[in-house]
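Asker: Show me the folded form of this:
(one chain, ligands or ions: 1)
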Amino acid sequence: MTSAPEPSLPDTTDWTTVLDAGCDECGYRPHDPAATSDRLASARDRWRTVLRRPGVEARPAPRVWSPLEYAGHCRDLIEVLGERVAAMLDRAEPTYADFDGEQAVVEHEYWRSDPDDLAHRLDAATSRALQILDRVAPADRDRTGRRGDGYIFTVASLCQYIVHDVEHHLHDVDG
Ligand SMILES: [Zn+2]
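Answerer: From the prediction side, this is the model:
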């Protein structure tokens, strides 16, 4: 497929609720932020397995992302996590630029990615995020940052939020 497929269905869920209650849909329970790097490394390995499946470019429904598109979206999320944690380490309560996942998928044209190439890019984004997470001392986990809509994350809650997002999408694709 070379032209842009239909936009995915808009997601209006407030996913910050998973920080307290977890997610019944995918089974996520708020994890110890110290385990974030291990969780991301494990997710990277699971995405690598997903990307070796035949037919990863096929959408299950016209407005639901293919596993290839979800993998690209998760690559973006992992990059966003690294950038935002770095900003929170470097400055007092930075405001993050808005991240529009749909727009990023369109911009990167993930539907036409080569799965092996995308696996490498996801691997590289994970390695960069893990390097940044290595700089987080226990006392840094309470440092804060502000999302575009005013919601305030800590390093710890952002780690939980994005790990859930990445693991939830693995659940979406049975990965
Ligand atoms: Zn979930």
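Asker: Please give the element, helix or strand, for the residue at minimal distance from the centre of the chain.
Answerer: By Cα atoms, centre = their mean, the chain has its centre lying nearest to residue 77, at 3.0 Å. If you go by DSSP states H and E, residue 77 is part of helix 67-90.
Asker: Does at least one residue of that helix sit close to the ion?
Answerer: No - if you take Cβ under 5 Å from the ion as the test, helix 67-90 misses the ion, and the best it gets is 13.0 Å. All C-beta atoms are positioned from the backbone trio N, CA, C, and that covers glycine.
Asker: Kindly report the residues of the protein close to the ion.
Answerer: Contact residues, the chain versus the ion (Cβ under 5 Å from the ion): 23, 25, 26, 28, 168.
Asker: Counting by contacts, list what the host helix or strand of the last one packs against.
Answerer: When elements are assigned from DSSP H and E, residue 168 belongs to helix 155-172. With contacts defined as 3 or more Cβ pairs under 8 Å, 6 or more residues apart in numbering; DSSP states H and E, helix 155-172 has these neighbours: helix 18-21, helix 36-51, helix 67-90.
Asker: Now tell me what touches that helix from outside.
Answerer: Contacts with helix 155-172, where a contact means Cβ atoms under 8 Å, 6 or more residues apart in numbering, come from 15-16, 18-19, 23, 25-28, 30-31, 33, 36, 39-40, 43, 46-47, 50, 70, 73-74, 77-78, 80-81, 84-85, 88-89, 133, 136, 140-143, 145, 153, 175.
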